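[1] Below: sequence and its predicted model.
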Amino acid sequence: MIEEADIDLVLNDLFEVYGYDFTNYARASLKRRISRLFLLDKFPSFAEFRYRLKSDPGYLKRVIEGLTVTVTEMFRDPLFYKALRTEIIPTLAAKPFIRIWHAGCSTGEEVFSMAIVLKEANLLHKSLLYATDLNPQVLEKARRGVFPLVQMKQYSENYIESGGKNDFSAYYTAQYGQVKFDESLAEKMIFSTHNLVSDRSFNEFDLILCRNVLIYFDKQLQERTLNLFDESIGTLGYLALGSKETLNFSSIKAKYRQLNKEKIWRKIS
Amino acid sequence: MAENKLINACKAVVIGGSAGSIEVLLKLLPALSSPLSLVIMIVLHRKNSTDSSLADLLSSRTTIRVQEVEDKDPVVPGTIYLAPADYHLLIEKDEVFSLDDSEKVNYSRPSLDVTFESAADVYGSSLVGILLSGANADGTAGLNLIKARGGVLIAQKPETAQAAFMPQHAIQNAPIDRVLDVEEMAVFINSLSRVN
């Protein structure tokens, strides 16, 4: 069994050798991730795991991928997307330009979902979707817009439940068990690495989506991140979090009003 | 009572279940005395849905506060917490909950093993783990970890379970301290709550 002290050592290695700071990630989940990696890769001892990590930059990639959770899907929580379509997007329609930030976008399923929503509202042409993640490998996948065909049935159901009226399969072409989404959807996307632990605000947005990312942070890092979002949201802009995440523990709460039972807040001051 | 000898100062009871467990909880909860001095955490395999109707249903059977967990909620004694659908439920050392939407464990999210292990890390010998009805093997590994940290293990009497496999599997593969039916479970939990 891996002990607390072992976790501290690995976190220290990651920071000292590579500059990745995971010290304010939620510890219980991080411990699970590290234990899982240690078991999967069958190290005879924890010391050997650490040695491999410190001496092999190639193995770092695997560790970053192993420590960060990349689970995502298209139109996840369809009712959230329904609220976006009916309550949020219409209020942005009059703007000359719409800027959206997907913070912690993982492999991009949510960004493509958003592009579809914007396209159907006839707003994609004047939108920019910034999609960031700390992990360059997932961004590479996101950029390609290629996803497994087997998931399309579920995504299509989600899409319809979210209020989508088109034939979902019209948005992609299938080949060899994969689908590639329409290039026109990706035209307005900008992918870039950004680490919520250490990087700063880089623009002002009308809508920031950061769903199921904060759950992996401790309260202190959540507070830092929410302040960074607050600096990056214009007045009357929106912040969307995951279905079990909340602003309740944060100092920025007073400046925001929750819109409905979906986790969407509007900046009111 | 004899049961009290098993554990000195119980701070938390973690209950895991799958198929057939909701019926058990609907009988168990009304039999628990209020106020509760410890915390109860319930992890159930259920269909992926974001509605909170299960918490409402359980809440209707007891005067004890029943709450579906949101991320970083503090663990407050006297409360019954329910793991939300589609997230693993973890407990941090400073007794706040963390949620985790990483890959399923034993085909399940929430997984009983994940919460049992996390609770064992935090509560050690002050923890009781209870495994209810179900049709898969989730929970047994977690119960073994609770025992390794000094906690106490209870399994539902398989002949009283709608799906006997899960408690039976645990009885065969973990050092279960007591095998109880629902009425006996209620008496046991009430006795833990009283000692505190």
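    Everything's here; your move.

[2] quick one: pLDDT of residue 144?
    Using chain A. For residue A:144, the pLDDT comes out at 95.

[3] that's the other chain; I wanted chain B
    The model's pLDDT for residue B:144 equals 98.

[4] again with residue B:8
    For residue B:8, the predicted pLDDT is 72.

[5] What strand or helix carries it?
    Using DSSP states H and E, residue B:8 sits within no helix or strand.

[6] okay, now it: neighbour count?
    10 (other CB atoms under 10 Å in any protein chain shown). Glycine gets a C-beta too; all of them are placed from N, C-alpha and C.

[7] what do you get for residue A:150?
    Residue A:150 has 10 neighbouring residues, counting by other CB under 10 Å.

[8] Name the SS class of it, please.
    helix (DSSP: H, G, I helix; E, B strand; the rest coil).

[9] my guess is it contacts residue A:177, does it?
    Yes - here residue A:150 lies in contact with residue A:177, judged by CB atoms under 8 Å, at a distance of 7.3 Å.

[10] In chain B, where is pLDDT below threshold?
    Scanning chain B for pLDDT under 70 picks out B:1-5, B:48-52, B:195-196.

[11] show me where it has helices.
    Counting by DSSP state H, chain B has these helices, from start to end: B:21-28, B:53-59, B:112-123, B:140-148, B:165-173, B:182-195.

[12] Identify all contacting residues around the third one.
    This means helix B:112-123. Residues from elsewhere that reach helix B:112-123, judged by CB atoms under 8 Å, 6 or more residues apart in numbering or on different chains: A:28, A:31-32, B:11-12, B:14, B:16-18, B:41, B:43, B:45, B:83, B:88-93, B:95, B:100, B:105-106, B:127, B:129, B:131, B:138-143, B:145-146, B:148-149, B:151.

[13] repeat for the last one
    Contacts made with helix B:182-195 from outside it, assessed by CB under 8 Å, 6+ apart, are listed as B:1, B:3-4, B:7-10, B:13, B:24, B:27-28, B:31-33, B:36-38, B:40, B:128, B:130, B:154, B:156, B:160, B:178, B:180.

[14] Using neighbour counts, trim the residues you listed to the buried set.
    Buried by 16 or more other CB atoms under 10 Å in any protein chain shown: B:3, B:7, B:10, B:13, B:24, B:28, B:32, B:36, B:38, B:40, B:128, B:130, B:154, B:156, B:160, B:178, B:180, out of those.

[15] So residue B:20 sits against residue B:165, correct?
    No - at 10.1 Å, residue B:20 and residue B:165 do not qualify as touching, with contact defined as CB under 8 Å.

[16] what touches both of those two?
    In terms of CB under 8 Å, 6+ apart, residue B:20 and residue B:165 are both contacted by the residues residue B:134.

[17] which non-adjacent residue is nearest residue A:9?
    residue A:50 (6.3 Å; CB to CB, 6 or more residues apart in numbering or on different chains).
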